[in-house]
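In: just coords:
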């Protein structure tokens, strides 16, 4: 992706243009000639700064279409594609208006033979240029925020086999991913610590696989889910080659085993045919009396076995066999 530029506010951009113009002084053979040449240079410099900067935003922000893919849906969820395209359209409009205004002002300056009109034309240009920028001030602020959100979006490798870790909030997903991979997710004893998708990698000899820590899922319909949960749903929908579902029988996550099993059943129905590894976390705190695989990312109990189970499934993935 092309590097996204820093987005200035309307006031910052106008200040930048004024500052450049304020340094310009031209020589002339007469008072009128001096005033006109200086005004022409000031209008050109300040107008070019605004036009070039706005066009740079249009050209260097990524083109995103609603194509139904993972990245497209993630951008729509976290940024809003319609609002994003509207703001880029506003930048295009403003740059064209500023270019037209600059050219009109330059023509008027070249034509005038009255020294008293020169300053008026230049100041009128400044005022109208500032007005154009004020009209897109909210769009500039939106793009400023969008730049930061783009920076935080995960870098997904579509040609790498991927294990997605899912389950209720605070069941130990982040801790598991941090131990298994290169990822360093934030870990804290409260729900929804994971505010977005975290990508890690597991090295297996010369091969490399992705493992994804998703925000905690709750067992409710899609329209009732918050944006954090929806990111997890997107990861499950588009990225899952192997699904690792984590249960916390200790109760320390704040959700009953019954609710966790209900979510597991829902996920199973939603992903028929996808290899699934079901494991109970926090075995150092509590072990249930059943045959489900148990591990502790805290003490390392059974972590080697779990890692090998995940790798075994990932090694079997053949991309040409998937839609």
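Out: Great, that's in hand. Every value quoted in this text rests on a predicted model; they were computed, and no experiment measured them.
In: mind checking the SS state of residue 201?
Out: With DSSP: H, G, I helix; E, B strand; the rest coil as the basis, residue 201 sits in strand.
In: Identify the residues contacting it.
Out: 181, 182, 183, 208, 209, 210, 211 (C-beta atoms under 8 Å, 6 or more residues apart in numbering). C-betas here are computed from N, CA, C, even on glycine.
In: isn't the second one right up against residue 209?
Out: I take that to be residue 182. No. Using C-beta atoms under 8 Å, residue 182 is not in contact with residue 209, being 11.1 Å away.
In: Between the two, which has more neighbouring residues?
Out: When neighbours are counted by other C-beta atoms under 10 Å, residue 209 comes out ahead of the other of residue 182 and residue 209, with 24 against 13.
In: Can you give me the distance of that one to residue 304?
Out: Going from residue 209 to residue 304 by C-beta to C-beta, to the nearest Å gives 16 Å.
In: Same check on residue 28?
Out: Counting by C-beta to C-beta, the gap from residue 28 to residue 304 is 82 Å.
In: Which residue ranges of the stretch 1-150 of the chain form strands?
Out: Counting by DSSP state E, counting those that start in this stretch, the stretch 1-150 of the chain has no strands at all.
In: The most centrally placed residue in the chain: what's its closest spatial neighbour, skipping adjacent residues?
Out: When C-alpha atoms, centre = their mean is applied to the chain, the residue found nearest the centroid is residue 150 (2.7 Å). The shortest distance from residue 150 to any non-neighbouring residue, by C-beta to C-beta, 6 or more residues apart in numbering, is to residue 4 (5.9 Å).
In: can you give me the strands for the stretch 151-300 of the chain?
Out: Taking DSSP E, counting those that start in this stretch to define them, one finds strands in the stretch 151-300 of the chain at 162-166, 198-204, 207-213, 242-247, 276-280, 293-294.
In: on that earlier part again, tell me who's in contact with the residue nearest to the centre of the chain.
Out: Residue 150 makes contact with 1, 4, 62, 75, 79, according to C-beta under 8 Å, 6+ apart.
In: Restricted to buried residues, select those residues in PyMOL.
Out: A single PyMOL command selects the buried members of those (16 or more other C-beta atoms under 10 Å):
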select buried, resi 4+75+79
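In: Closest one of the contacts of residue 150 to residue 56?
Out: residue 4 (10.1 Å; C-beta to C-beta).
In: okay, that closest one: pLDDT?
Out: pLDDT for residue 4: 88.
In: and the gap between it and residue 130?
Out: 25 Å.
In: One more: residue 208?
Out: Using C-beta to C-beta, residue 208 is found at 52 Å from residue 130.
In: now residue 165
Out: Distance of residue 165 to residue 130, given as C-beta to C-beta: 51 Å.
In: more crowded one of those two?
Out: Each of residue 165 and residue 130 has its neighbours counted (other C-beta under 10 Å); residue 165 has more, 29 against 17.
In: Contact partners for that one?
Out: Contacts of residue 165 were listed using C-beta under 8 Å, 6+ apart, and they are 173, 176, 177, 211, 212, 213, 214, 244, 246.
In: Output those residues as CSV; include the columns neighbour count, pLDDT and distance to residue 255.
Out: CSV is the format used below for the contacts of residue 165 (neighbours: other C-beta atoms under 10 Å; pLDDT from 0 to 100; distance: C-beta to C-beta, whole Å):
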residue, neighbour count, pLDDT, distance to residue 255
173, 32, 87, 13
176, 26, 90, 17
177, 27, 87, 19
211, 25, 88, 23
212, 25, 84, 21
213, 28, 81, 18
214, 26, 76, 16
244, 25, 93, 18
246, 25, 93, 12
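In: Is it possible to get a markdown table of these that adds distance to residue 69?
Out: A markdown table is the format used below for the contacts of residue 165 (distance: C-beta to C-beta, whole Å):
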| residue | distance to residue 69 |
| --- | --- |
| 173 | 24 |
| 176 | 27 |
| 177 | 23 |
| 211 | 21 |
| 212 | 16 |
| 213 | 21 |
| 214 | 17 |
| 244 | 23 |
| 246 | 27 |
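In: what's the closest of these to residue 256?
Out: Nearest to residue 256 among the contacts of residue 165: residue 246, at 15.1 Å, using C-beta to C-beta.
In: Is it correct that the closest one is in contact with residue 171?
Out: Yes. Here residue 246 reaches residue 171: they are 4.8 Å apart, a contact under C-beta under 8 Å.
In: Spit out the residues that contact the two alike.
Out: Residues within reach of residue 246 and of residue 171 at once, by C-beta under 8 Å, 6+ apart, are residue 281.
In: Among the contacts of residue 150, which lie within helices?
Out: Using DSSP state H, residue 75 are the members of the contacts of residue 150 that sit in helices.
In: quick one: which of the contacts of residue 165 is nearest residue 37?
Out: Using C-beta to C-beta, residue 212 comes nearest to residue 37 of the contacts of residue 165, at 61.3 Å.
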